[in-house]
Structure formats: structure tokens, C-alpha cells
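Trainee: Here you go, sequence then predicted model.
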Amino acid sequence: MIKAERSFWEKVLYDQKYDLIVIGAGLTGQSVSYFFKKKHPNKKVLVLDRGFFPIGASTRNAGFACFGSPTEHMADLKIEEESRIIDRIRKRFDGLQLLRYTLGDDNIDYREPGAYEIFTDVGIYDKAAEQLPIFNRWLKEAAGVDNVYQKTTHNGFKAIGIKHEGCLHPGKMMRTLYRKNMRLGVEFRWQAKVEKLDTASRSILLDNGIELHSENIVIATNSFTSKLLSDIEIKPGRGFVFVTKPIFDLKWTGTYHFDAGYYYFRGVDNNRFLLGGARSYDIDVETTTEFGTNERIKNHLLKFANSVLKLPAGWEIDTEWSGIMGFTPTKSPILKSISDGVLLVAGLSGMGIALGMQLGKEAVEELT
Ligand SMILES: Cc1cc2nc3c(=O)[nH]c(=O)nc-3n(C[C@H](O)[C@H](O)[C@H](O)COP(=O)(O)OP(=O)(O)OC[C@H]3O[C@@H](n4cnc5c(N)ncnc54)[C@H](O)[C@@H]3O)c2cc1C
């Protein structure tokens, strides 16, 4: 942190009152600033983030534009009633349409190469297959689409095909949204970590000692929220992902789910392969806001790639990384007023590509 006294000229920069300050420049936070500024072009909007880029989940995810696999629905049914699951599917489906419409498919490399949940356990497959009429009814009710889930086989596995699921490039998604915000005149401060938030006076203290004030504040810090608001129930969940070097003869070029959404893999441009997840394999250790690789999980995924998916011999990892998700007890995100003019929008529970923009837009409606 650089220490320096404030100049006369800098007062105009610091001592101004914003109409909206958003804490967190991930997909949710930047969607809030975008829709607010579109609605109120003359209002002053500032987005703060502790990272040089957003550093949470939005630029570190797997790029699935998805609304739920059959075994994910089965797991959800154990903790939530049907109407809430249908409501969340509707939000995910609508959210994806909004994201694509707002940013443009070409700008975010959106594509639909074919999606499948694959099964190695016949018993689980039979149970999922039995419930397909229910899940298809949900999709019809939520999104008006027919026969989304269908029994099939894929690459020698029993599988369920998932119509309308796609994938995108998260880096390009965030870059496009950032440029749109810049064009509207939204201000950004990077490496500006909020240390303290006084919700009553709507003032924000940054880790460099600067204090900011705003008419409205939206907290969009997802998994890191409990560091600012202690009584909010969002648990962090670290996710591990890798992308391989190009693989000649790669047969996994679509988008795939396995085991209630805990494992996910897909083809990436130029015959590369992405594999991630398996948080469930060491769940306590992965309940953390610290970035980093859990070698147990990495080795488990390597084994999965070799012995289950049977990637061609000689393949190599190009890049590996982790990101942090924020989970609510029921997996439904939180959008709620904390005090007059202060809103929380967080807890995207691993589904933020579909939900983040929609939720950001809804937050703006709450503000005005
Ligand atoms: C490995 C992984 C794979 C995933 N795969 C998918 C997928 O395929 N499909 C899907 O739909 N979703 C996926 N997700 C989930 C999705 O990425 C998230 O739900 C979504 O990005 C959440 O967006 P957000 O803006 O709410 O949070 P984030 O992107 O986490 O943004 C929060 C921001 O707040 C900032 N911040 C935190 N504290 C402070 C502070 N005190 N001061 C200033 N700034 C602060 C952080 O730096 C961060 O940039 C995945 C997530 C991970 C980690």
C-alpha cells in the first residue's frame, strides 16, 4: 500500500458521493452496475474489486451454460421442494437467454455442441431414467421446451442427452461485460479491497484507508461475503479445473456431467479437453476461500480421465487452476435488503453463469 497525503486536486476524486457503489466485479456485480447505469445514465456508479481482475469464480469457472443434469435434479429433490427447483430452472434458463442477448453469442464464444450426463452405475442410470418424465415436465413448465432429457448412449456409456445446454468462454464473457460497463461510464477501482462496511451510514472503508460514500451499496462478493457480513450463511466451496494441451482424436468434444454435477468435462477449442470438480471427494478441505490445488482431488481427476474416460495416452495438462464458489444451504441465491439502500446479492451456488446476470438485473429493480 502506498502512503501519501491527499492533494487539493485529488479531493475531487475522493470526496464525491456515488449513487451506487457495487462491491465485487464478478458477473453478478458487473451486471448490477450495467443494468443500473443503463436505467440511470446520469447517475454515478463505481465498482470496487480487491483483485487486479475479478478474483473469485467468474473468470475461473468451467464455462457451462447449463440448467441442471438429471442426477443434479435428483440431489436437489432431497433438500428442496419441487416448486422451488422449477423456479430456479426457470431463472437459469431465462438467465442464459439474457446473458446471450446482452453480450452476443460471438463475443462470448457461445456454442451448443451437444450435452450429456454419462453414467458408470447402471442402478443410478435406471433411477435417473425413470424420473425423466418428471424432469421433462419441469423444463416444459419452466421454459416451455419439450423433451429436453432423453435416454441415449455416448462413447460407450449409458447417457442422458440434454437439449439446449451450451458452453462459453468465461474470460470473453467478463471482458465483453466490462467493455459495456466502460462504454456506459461506470467507474472501476481494482485492487480496492473493502475492509469495513457501515451499512447504516452507507460508508465503505478500503484497505488503503480511503473512505467512500454512496446513496446505494450492492454487495456482490459471493463466497467472500461472510468477511463483510458475519451473519450471512454462505459457505465457500473451492473448485479445481484443468485444460489439456490439444489431444489428437479427442472423442469428448461436447459438454458432460457426471455424479450430480460434481464432475464436469467438455471439449474446448482446438481439441483441448477441460475437466473439473470432484469437490465431493474431499469436501471438508474444499470448504475454503483459499485458492490452491488439492493434490488428492487432482490425482482423483487424473485417474478418472485415464481409467473412466480413457483419454488417449500421452495427454498433458496445459493449465490448472482453482476458483471459489459460494453455497447457500438450499442452493438458491440470496437477494435481500440489508438496510435502507444496501442490498446483498450473493450465493450463486455453482450456477452463476446462468444466474448471475439475471440476479444482477433483479437487484437493480429492487434498488429503484
Ligand atoms: C471451478 C468453478 C467452476 C464453475 N463452473 C461453472 C459453470 O460451468 N457454470 C456455471 O454456471 N457456474 C460455474 N461456476 C460458478 C460461477 O462461476 C459463479 O457462480 C459465478 O461466477 C459467481 O459470480 P459472482 O459475481 O457472484 O461472484 P465472483 O465471481 O466470485 O465475484 C465476487 C468478486 O468479489 C470480489 N470481492 C470479494 N471480497 C471483496 C472485498 N472485500 N472487497 C472488494 N472486492 C471483493 C472478488 O475479488 C470477486 O471478484 C463455477 C465456479 C467455479 C469456482
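Mentor: Yes, it's here.
Trainee: roughly how far apart are Arg6 and Val12?
Mentor: 11 Å (Cβ to Cβ, to the nearest Å). Backbone N, C-alpha and C define where each C-beta goes, glycine included.
Trainee: And Leu229, by the same measure?
Mentor: The value you get for Leu229 to Val12, if Cβ to Cβ is used, is 31 Å.
Trainee: neighbour-wise, which of the two wins?
Mentor: Set side by side, Leu229 and Val12 give different neighbour counts by other Cβ atoms under 10 Å, the larger being at Leu229 (16 against 9).
Trainee: CA-only coordinates of the lowest-mean-pLDDT helix or strand in the chain in PDB, if you can.
Mentor: Lowest mean confidence among the helices and strands of the chain (mean pLDDT, DSSP states H and E): helix 11-14, at a mean of 82. Coordinates of each C-alpha in helix 11-14 appear next as PDB, following Å, rounded to 0.1, in the frame of the first residue of the first chain:
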ATOM      1  CA  LYS A  11     -10.300  15.900  -3.300                       C
ATOM      2  CA  VAL A  12     -12.500  16.000  -6.400                       C
ATOM      3  CA  LEU A  13     -11.700  12.300  -6.900                       C
ATOM      4  CA  TYR A  14     -12.200  11.100  -3.400                       C
END
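Trainee: list the helices and strands that helix packs on?
Mentor: If contacts are counted by 3 or more Cβ pairs under 8 Å, 6 or more residues apart in numbering; DSSP states H and E, helix 11-14 sits against no helix or strand.
Trainee: Can you name the residues in contact with that helix?
Mentor: Helix 11-14 has contacts (Cβ atoms under 8 Å, 6 or more residues apart in numbering) with Arg6, Ile210, Leu212.
Trainee: In terms of helices and strands, where is the residue of the stretch 151-300 of the chain found nearest the ligand?
Mentor: Taking Cβ to the nearest ligand atom as the measure, the stretch 151-300 of the chain has Gly239 as its residue closest to the ligand, at 2.8 Å. For Gly239, the element it lies in under DSSP states H and E is strand 235-244.
Trainee: if I pick Asn147, what's in contact with it?
Mentor: So Asn147 contacts Asn136, Lys163 (Cβ under 8 Å, 6+ apart).
Trainee: pretty sure it belongs to a helix, no?
Mentor: No - secondary structure of Asn147 (DSSP: H, G, I helix; E, B strand; the rest coil): coil, not part of a helix.
Trainee: Just give me how far stretch 131-141 sits from the chain centre.
Mentor: 24 Å (Cα atoms, centre = their mean, to the nearest Å).
Trainee: What's the separation between Ala128 and the ligand?
Mentor: For Ala128, the distance to the ligand (Cβ to the nearest ligand atom, to the nearest Å) stands at 20 Å.
Trainee: can you give me the helices for the chain?
Mentor: With helices called from DSSP state H, the chain shows them at 11-14, 27-39, 70-79, 82-103, 122-130, 132-143, 170-184, 295-303, 352-367.
Trainee: The second one relative to helix 170-184, how many degrees between them?
Mentor: If you take axes from the mean of the first three to the mean of the last three Cα atoms, to 10 degrees, helix 27-39 sits at 30 degrees to helix 170-184.
Trainee: Could you give me the buried positions within helix 27-39?
Mentor: Neighbour-count burial for helix 27-39, counted by 16 or more other Cβ atoms under 10 Å, picks out Leu27, Thr28, Gly29, Gln30, Ser31, Val32, Ser33, Tyr34, Phe35, Phe36, Lys37.
Trainee: Contacts only, for the first one.
Mentor: If I follow you right, that is Leu27. So, once contact is read as Cβ under 8 Å, 6+ apart, Leu27 ends up touching Ser58, Met173, Met174, Leu177, Gly352, Ile353, Gly356, Met357, Gly360.
Trainee: dump the residue contacts of the last one.
Mentor: Residues in contact with Gly360 (Cβ under 8 Å, 6+ apart) are Leu27, Thr28, Gly29, Gln30, Ser31, Val32, Tyr34, Phe35, Ala220, Val345.
Trainee: let's see it at 10 Å
Mentor: Residues counted as contacts of Gly360 (Cβ atoms under 10 Å, 6 or more residues apart in numbering) are 22, 26-36, 95, 98, 177, 218, 220, 335, 345.
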